[in-house]
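J.: coords please:
(chains A and B)
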Amino acid sequence: AQKVTQAQTEISVVEKEDVTLDCVYETRDTTYYLFWYKQPPSGELVFLIRRNSFDEQNEISGRYSWNFQKSTSSFNFTITASQVVDSAVYFCALSESDGNNRLAFGKGNQVVVIP
Amino acid sequence: EAQVTQNPRYLITVTGKKLTVTCSQNMNHEYMSWYRQDPGLGLRQIYYSMNVEVTDKGDVPEGYKVSRKEKRNFPLILESPSPNQTSLYFCASRPLTGSYEKLFFGSGTQLSVL
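T.: Numbers count the residues shown, from 1 in each chain, chains lettered A, B, ... in the order given. Reported below is the predicted structural model:
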């Protein structure tokens, strides 16, 4: 069964520091999809990125970057020069290509950016 | 505007009193799903539906019912709520074209069962 592990529960950083969120996944599928979602204090879930298992290219979007390493089954997320608005819970999620259609979430990382 | 609408946003009820949380999407998505979010546990899938009249259990279906009579609506029914169902609930939808599609989430329903 698919599984996503986000080991760090709460991470506090001082504004302008970088923070990296680890995501390790388990799957038997060769084709799968990885996602990151952000949940700000207002509670909604905001889609950040999607990556398929055949695309190991790292991605950068502004201050956000993602490092996908298939060899270690990891899809880590880095926030560079953190800002108070980055304070949120971040979820990593995995979707397999079979008929299950389930998006399995990790337990989330609570990021607190201290001004 | 493309969206998934859940109602109510907040709900306080008592044990055993049947309730329904509504979910509606305007994107003509085939796939809809319910998740619950609990501290330290992340989001767990309750039920999902791949089309009208097609529903299936997720990881934590006990104590819940769903129905999919129309494509746009996917209500979550708690026939006899209990305090352990106090949680934040999210409805989500996406096209059925593939599991690579991102989920569109509603704003959530915070349920408290006393």
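J.: Next up, the contacts around B:Ile46.
T.: If a contact means C-beta atoms under 8 Å, 6 or more residues apart in numbering or on different chains, then B:Ile46 has B:Ser33, B:Trp34, B:Tyr35, B:Arg36, B:Gly58, B:Asp59, B:Val60, B:Pro61, B:Tyr64, B:Val66, B:Leu76, B:Tyr89 as its contacts. Backbone N, C-alpha and C define where each C-beta goes, glycine included.
J.: Can I get the buried ones among those as something I can paste into ChimeraX?
T.: Of those, the buried ones can be selected in ChimeraX as follows, counting by 16 or more other C-beta atoms under 10 Å in any protein chain shown:
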select /B:33,34,35,36,58,60,61,64,66,76,89
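J.: and of the contacts of B:Ile46, the nearest to chain A?
T.: B:Gly58 (6.6 Å; C-beta to the nearest C-beta).
J.: who's the closest residue to the closest one other than its chain neighbours bridged to?
T.: Counting by C-beta to C-beta, 6 or more residues apart in numbering or on different chains, B:Gln45 is the residue found nearest to B:Gly58 once chain neighbours are left out, at 3.1 Å. When bridges are called by DSSP bridges, B:Gln45 pairs up with B:Tyr35.
J.: What is the burial count for the nearest residue to A:Asp29 once chain neighbours are set aside?
T.: Distance criterion C-beta to C-beta, 6+ apart; nearest residue to A:Asp29, sequence neighbours excluded, is A:Glu96 at 4.5 Å. Using other C-beta atoms under 10 Å in any protein chain shown, A:Glu96 is surrounded by 21 other residues.
J.: okay, now the residue nearest to B:Gly58: neighbour count?
T.: 23.
J.: do B:Ser67 as well
T.: B:Ser67 has 16 nearby residues by other C-beta under 10 Å.
J.: ok, the nearest residue to it once chain neighbours are set aside to chain A distance?
T.: Leaving aside its sequence neighbours, B:Ser67 sits nearest to B:Pro75 (C-beta to C-beta, 6+ apart; 6.2 Å). Distance of B:Pro75 to chain A, given as C-beta to the nearest C-beta, to the nearest Å: 19 Å.
J.: pretty sure B:Pro75 contacts B:Tyr64?
T.: No - using C-beta atoms under 8 Å, B:Pro75 is not in contact with B:Tyr64; the gap is 10.6 Å.
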